[in-house]
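K.L.:
Here is a sequence together with a model predicted from it:
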Amino acid sequence: MIRNFLFHRVNPERDKLWDPMSVDLFDKCIRYISKKYNVIQFEELAFSNDYKKNHKRKLATIMFDDGYKDNIDFAAPILKKYDIKASFYVVTECIDKNIPTWTHVLEHLFQFTSVVNIDMSFNFLPQELRIFKLSSHEERLNYVGKLKPFLKTLSHDNRQMVLNRVIEVYNDIEFPKLMMNWDDLRKLREEGHYIGSHTVTHCMLGTMDNENDIISELTLSGKRIQEELGYFPLTISYPVGSFNKTTKDLSQKVGYKIGLAVKQNVHNPYKEDLYEVSRIELYNEPWWKTRLRITNTLESIKSFIRYR
């Protein structure tokens, strides 16, 4: 059993919509994990003789998705402090253009725009989300808080229609510059960390119908990493944990050896194949709750309650 711990952002600044993990909490997480588990990079572990062995000291890995600048500014020094080597899975278009992922762009535009009128009368949206006007900052925050999770349930094409509308109308706001660049990623490589793929555009692969589009996302992101860092990555991290059998098959076809999901559970090498590896995402929460996630106690409690 392997605990693959997933992080996104680590930052001292707070955000109303997507709160990064605080630096102090991240330090506490890594200190606790490094004492309790034998921490190793998943790319090193997956093809070693230790992968399916029973270990007296349980195994864990540290992973980051997206490629945010605060990963190298705030997380990397703490990883160095505890001598931990992590894996970073990056959205290559976000790195190239220094724009955040679509989920972050969506939240940012609704949070800071001053535009009032916007036609969101798409027939595939539920009635409560079909609006023409959001008059106040509070209305926009409440609306995007409902819109974002629903967008994750849509097909890729429908979701893109909504995103394009928002970007087109809320054009009074620039995208925030929050991502690492290739020099940052080279520095992480020099420090012993692994860089893998998180697609080109952070698309939800499991919601895409066109296989050629899926192959393009998988192939071009890998090749972009190869151009900059000198290798085609072993690993594809599925954005938002979205995947299906087609995703897995095409990932293998284009050359990936590992596919990462989320699932909020430990990875069992005997039950899961290498193209649907479970991870446990950690959030900016009180330490007692984070500790329960780390030990997987929280999921065990939830399962117990569900099946009583």
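P.N.:
Looks like it came in fine. Numbering: from 1, shown residues only.

K.L.:
helices and strands around the longest strand seen in the chain, which ones?
P.N.:
Longest strand in the chain, counting residues (DSSP state E): strand 59-66. Judged by 3 or more CB pairs under 8 Å, 6 or more residues apart in numbering; DSSP states H and E, strand 59-66 is in contact with strand 2-7, helix 23-36, strand 38-39, helix 42-45, strand 87-90. For the C-beta atoms, the positions are set from N, CA and C on the backbone; glycine is no exception.

K.L.:
Same list, these, but as TSV with distance to residue 184, mean pLDDT and mean neighbour count please.
P.N.:
TSV is the format used below for the helices and strands packed on strand 59-66 (distance: least, CB to CB, whole Å; pLDDT from 0 to 100; neighbours: other CB atoms under 10 Å):
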stretch	distance to residue 184	mean pLDDT	mean neighbour count
strand 2-7	16	96	23
helix 23-36	18	97	17
strand 38-39	22	94	18
helix 42-45	19	92	20
strand 87-90	10	98	27
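
K.L.:
Is it possible to get TSV of those that adds distance to residue 191?
P.N.:
Formatted as TSV, the helices and strands packed on strand 59-66 follow (distance: least, CB to CB, whole Å):
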stretch	distance to residue 191
strand 2-7	16
helix 23-36	15
strand 38-39	15
helix 42-45	15
strand 87-90	11
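
K.L.:
Going by length in residues, pull out the top helix of the chain.
P.N.:
Ordering each helix of the chain by length in residues (DSSP state H) puts helix 211-229 first.

K.L.:
Identify the residues contacting that one?
P.N.:
The contact list for helix 211-229 (CB atoms under 8 Å, 6 or more residues apart in numbering) reads 90-92, 96, 156, 182, 185-186, 189, 195-201, 203, 205, 208, 231-233, 236, 246-247, 250-251, 253-256.

K.L.:
One more pass at 7 Å, please.
P.N.:
92, 182, 185-186, 189, 195, 197, 199-201, 203, 205, 208, 232-233, 236, 246-247, 250-251, 254-256 (CB atoms under 7 Å, 6 or more residues apart in numbering).

K.L.:
Spit out the contact partners of residue 47.
P.N.:
With CB under 7 Å, 6+ apart, residue 47 has no contacts at all.

K.L.:
What's the separation between it and residue 204?
P.N.:
The span separating residue 47 from residue 204 equals 28 Å under the rule CB to CB, to the nearest Å.

K.L.:
before we move on, what about residue 29?
P.N.:
Distance from residue 29 to residue 204, counting by CB to CB: 27 Å.

K.L.:
what residue ranges in the protein score low on pLDDT?
P.N.:
Applying pLDDT under 70 to the chain flags residues 17, 50, 52-57, 298-308.

K.L.:
Strands of that one, start to end?
P.N.:
In order along the chain, the chain carries the following strands (DSSP E): 2-7, 38-39, 59-66, 87-90, 194-197, 235-237, 258-263, 277-281.

K.L.:
Now do the first one against strand 258-263, angle only.
P.N.:
Relative orientation of strand 2-7 versus strand 258-263 (axes from the mean of the first three to the mean of the last three CA atoms, to 10 degrees): 80 degrees.

K.L.:
List the beta-bridge partners for residue 236.
P.N.:
residue 197, residue 259 (DSSP bridges).

K.L.:
which ones are touching it?
P.N.:
196, 197, 218, 251, 256, 259 are the contacts of residue 236 under CB under 7 Å, 6+ apart.

K.L.:
Next: residue 146.
P.N.:
Neighbouring residues of residue 146 by CB under 7 Å, 6+ apart: residue 129.

K.L.:
redo that, cut-off 8 Å
P.N.:
Contacts of residue 146 (CB under 8 Å, 6+ apart): 128, 129.

K.L.:
Specify the residue ranges that define each domain of the protein.
P.N.:
Using automatic domain parsing, the domain ranges for the chain come out as 2-99+179-306, 102-169.
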